[in-house]
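S.K.: task: produce atomic coordinates for the following.
(one chain, ligands or ions: 2)
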Amino acid sequence: LISDLSEAQSFLNDYNTMMEVVYSKSIKAAWAFYTNITDHNREVMVAEDLYSDQVAQQAARNASQYNLTIMDQTMRREFIKIMDIGSAAQTDPVKQTRLKEVLSEMETIYSTAKVCIGDGECLPLEPDLTRLFATSRDHDVLLAAWQGWRDASGAKMKELYTEFVTLSNEALAILGHADTGAYWRSDYDSPEFEEEVRVLFEQLRPMYEQLHAYSRRKLMEIYGRDKFPESGHIPAHLLGNMWAQEWLNLVDDFMPFKGKPSMDVTKEMVNQGYTPLRIFQLADDFFGSLGMIRMPPEFWNGSMLEKPTDGREVVCHASAWDFYNRKDFRVQQCTDITQSDLETVHHEMGHVEYFLQYKHLPLQLRGGANPGFHEAVGDVISLSVQTPEHMKSIGLLSTIGNDTESDINFLMSMALQKIAFLPFGYLIDQWRWSVFRGDTSPEEYNDHWWDLRCRYQGVSPPVERSSSDFDPGAKYHIPANTPYIRYFVSFVIQFQFHKALCNASGYTGPLHRCDVYNNTEAGKVLGDMLKLGSSKPWTFAMQQMTGQATMDAQPLMEYFEPLLEFLRRENGNDYGWHPHCPTFKRSV
Ligand SMILES: O=C(CCC(O)(O)[C@H](Cc1ccccc1)NC(=O)c1ccccc1)N[C@@H](Cc1c[nH]c2ccccc12)C(=O)O
Ligand SMILES: [Zn+2]
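M.R.: Ligands and ions are numbered 1, 2, ... in the order given. Predicted coordinates:
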């Protein structure tokens, strides 16, 4: 083994120079495909990816010649990351090509899926079906869209997903990973990670149960009790979202105290002629107010901020892009003028702020402290933006009610985004981890999915499901093969971060009314954490920013405490649901 540190350092320098060129070329090909889905662009992307995999394989082989024991922590960390190349480890060209083709085919099916309704009109997910779920209160229309979407997306990719699981596990086994899920969990540096997130979920479950009970009661008033199963579940198509993952669109129906200003600023944004560009400029202004890095010209010139109108098929699910050349940083989003997309814009820009803050680091250290950190950055900013104070200061809210009732209304709008999401954020990778480790066979894919949905989310299928359905495939992250527990982690730690920034800014009021806009002390605390990238274990970054080294649900519970009290009073003993899905009465 080579035990010369200067040689190891020059290997790293050469590696960075070479891989910046290789990766940015491969990412440019991916961008071309995501912003214009054609067979040609897909083939070019697959070919570029195969090439960069081979270069990564060679670099990993070279890196394994060096003696890690003589290196400092950061250099050793960099070498370990260079050697852990994930699914790029597959050296069989047929299998490697097939793996990439299967993934790009599933991504294409999902991103071009449409639901054809009556008069030959076929609706895509964004913006049409998303708007329909936000605005329609027609049970049958929602059911047709819910079922149609699953027929057009998930049902079309069950065989492909089955093939993907085998190919992915095989590739990762070459590096010694037990399965794909084990590889994904290794990003959190803790062998007890599964247990840690289970404990967090159990801590937060009672709060979700209270919100679920309140929501169920409100929905029964709208749709009639006969539309709800005896088991206590809420039918999955009635929560204002294609996956029932966030319920913000129901805020006006769910508002506890009527007669107060609506917490849904979507109408106001439309009335004021908001454009996608203006929403991005608003988010950019917030980062600037914290003394953090604003988006560079390349961002504004290169990004795709709205769905093209030239008939091109694009991947509309939002994404942020680091081209690993320290110059090009972009967002791709089919931005609609809604409050939900106002959040997503801040979420995506949070990814880019992280890119900008760590771009000075060697390539392998340009990543989140852990994947949950990357997902939390934009959401922390959004917690300040959504306060009534901030909404009023940007002219999207007319009056701020400081009375208890207005406060509860505001907390309800936040709970419909953050509390509603928790079981969904938790269950997706419970399902995937069990598939990757072989505990769930392809015949069981859909049944296990609904078992988790009924058990943890208290949501049931509105129509009977069959084994030819593949409902997990109707959610972007499954065909896109993007891990999901990162969002559950983010929804917990973003409140720890929010509390740390509020403390740093000298704020002493209730956590849910804190707005750190214009506060450069808060910006410094956040920026200093982002600058670490993945150069240190995430516990170090957490300790530096919040004073403790663990994930902790306490700040989230503190934030929502006043609402929980209200919900417990409202619900009394009328809460909870049967862990198993309701059975469908066979029509005789
Ligand atoms: O998927 C997203 C946002 C998209 C993303 O920014 O997380 C994107 C997903 C993606 C990953 C890989 C390829 C393509 C898309 N992640 C990134 O762009 C990204 C970029 C760099 C580092 C890490 C992530 N949000 C999730 C979770 C979520 C629901 N509601 C929310 C509200 C606010 C924030 C997140 C959510 C969802 O829509 O279900
Ligand atoms: Zn994200």
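S.K.: please name the nearest non-neighbouring residue to whatever residue of the chain ends up closest to ligand 1.
M.R.: In the chain, no residue comes nearer to ligand 1 than Ser319, which is 3.6 Å away by Cβ to the nearest ligand atom. Using the backbone N, CA and C atoms, a C-beta is placed for each residue, glycine as well. Computed as Cβ to Cβ, 6 or more residues apart in numbering, the closest residue to Ser319 that is not its neighbour in sequence is Gln332, at 5.2 Å.
S.K.: which residues are in contact with that neighbour?
M.R.: By Cβ atoms under 8 Å, 6 or more residues apart in numbering, Gln332 lies in contact with 31, 34-35, 303-304, 314-315, 318-319, 321.
S.K.: could I get the residues you listed as TSV with pLDDT?
M.R.: TSV is the format used below for those (pLDDT from 0 to 100):
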residue	pLDDT
Trp31	98
Tyr34	98
Thr35	98
Ser303	98
Met304	98
Val314	98
Val315	98
Ala318	98
Ser319	98
Trp321	98
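S.K.: hang on, Ala320 in a strand?
M.R.: Yes - assessed with DSSP: H, G, I helix; E, B strand; the rest coil, Ala320 lies in a strand.
S.K.: so what's Met83 closest to, chain neighbours aside?
M.R.: Across the structure, with Cβ to Cβ, 6+ apart as the measure, the residue nearest Met83 apart from its sequence neighbours is Ala60 (4.7 Å).
S.K.: one more: Gln90?
M.R.: The spatially closest residue to Gln90, leaving aside those adjacent along the chain, is Ala171, at 3.9 Å (Cβ to Cβ, 6+ apart).
S.K.: may I see the buried residues of the lowest-mean-pLDDT helix or strand in the chain?
M.R.: Least confident element among the helices and strands of the chain, by mean pLDDT, DSSP states H and E: strand 114-117 (a mean of 94). Of the residues in strand 114-117, those scored as buried under the neighbour-count criterion (16 or more other Cβ atoms under 10 Å) are 114-115, 117.
S.K.: same question for stretch 151-166.
M.R.: Neighbour-count burial for stretch 151-166 flags 152-158, 160-165 (criterion: 16+ other Cβ under 10 Å).
S.K.: can you check stretch 432-451 too?
M.R.: Burial within stretch 432-451, assessed by neighbour count using 16+ other Cβ under 10 Å, is assigned to 432-436, 440, 445-446, 448-451.
S.K.: Leu563 reaches Glu405, doesn't it?
M.R.: No - judged on Cβ atoms under 8 Å, Leu563 makes no contact with Glu405 at a distance of 12.0 Å.
S.K.: those two: which is more packed in?
M.R.: Taking other Cβ atoms under 10 Å, Leu563 and Glu405 do not tie; Leu563 has more neighbours (24 against 15).
S.K.: what are the phi and psi values for the more buried one?
M.R.: phi -70, psi -40 (degrees, to the nearest 10).
S.K.: give me the pLDDT for Val588.
M.R.: Val588 is assigned 58 on the pLDDT scale.
S.K.: thinking again about what came up before, would you turn the buried residues of stretch 151-166 into CSV with pLDDT?
M.R.: Putting those into CSV (pLDDT from 0 to 100) gives the following:
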residue, pLDDT
Ala152, 98
Ser153, 98
Gly154, 98
Ala155, 98
Lys156, 98
Met157, 98
Lys158, 98
Leu160, 98
Tyr161, 98
Thr162, 98
Glu163, 98
Phe164, 98
Val165, 98
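S.K.: excluding chain neighbours, what is closest to Cys502?
M.R.: What sits nearest to Cys502 in space, not counting adjacent residues and going by Cβ to Cβ, 6+ apart, is Cys514, at 4.0 Å.
S.K.: what about Met412, how many residues nearby?
M.R.: When counting by other Cβ under 10 Å, one arrives at 25 neighbours for Met412.
S.K.: dump the residue contacts of Val44.
M.R.: Neighbour list for Val44: 29, 32-33 [criterion: Cβ under 8 Å, 6+ apart].
S.K.: and it, what element?
M.R.: Assignment of secondary structure by DSSP states H and E places Val44 within helix 39-63.
S.K.: OK, contacts around Pro510?
M.R.: Each residue near Pro510 by Cβ under 8 Å, 6+ apart is listed here: Pro562.
S.K.: coming back round to it: now for the residue nearest to Met83: which residues touch it?
M.R.: 82-85, 89.
S.K.: over to Lys156?
M.R.: Neighbours of Lys156 in contact, by Cβ under 8 Å, 6+ apart: 109, 113, 473.
S.K.: sorry, back to before: can you say which of the contacts of Gln332 are buried?
M.R.: By neighbour count, with 16+ other Cβ under 10 Å, the contacts of Gln332 hold 31, 34-35, 303-304, 314-315, 318-319, 321 as buried.
S.K.: which among these gets closest to Asp252?
M.R.: When the buried ones among the contacts of Gln332 are compared for distance to Asp252 (Cβ to Cβ), Ala318 comes out closest, at 24.7 Å.
S.K.: what about the strands in the stretch 201-350 of the chain?
M.R.: Taking DSSP state E, counting those that start in this stretch as the test, the strands found in the stretch 201-350 of the chain are 234-235, 319-322, 329-332.
S.K.: the stretch 451-588 of the chain now?
M.R.: 459-460.
S.K.: if we can go back for a sec, okay, the residue nearest to Met83: pLDDT?
M.R.: pLDDT, the model's per-residue confidence, is 98 for Ala60.
S.K.: again, but for the one 10 residues further on
M.R.: Ile70 carries a pLDDT value of 96.
S.K.: who's in contact with it?
M.R.: Listed by Cβ under 8 Å, 6+ apart, the contact set of Ile70 reads 3, 5.
S.K.: dihedrals phi and psi, it?
M.R.: The main-chain torsion angles of Ile70 are listed as degrees, to the nearest 10 and equal phi -90, psi 0.
S.K.: columns distance to ligand 1 on top of the buried residues of stretch 151-166, output as TSV?
M.R.: Formatted as TSV, these follow (distance: Cβ to the nearest ligand atom, whole Å):
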residue	distance to ligand 1
Ala152	19
Ser153	14
Gly154	15
Ala155	20
Lys156	20
Met157	17
Lys158	21
Leu160	18
Tyr161	17
Thr162	22
Glu163	20
Phe164	15
Val165	18
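S.K.: residue ranges in the protein under the pLDDT threshold?
M.R.: Within the chain, the ranges that satisfy pLDDT under 70 run 586-588.
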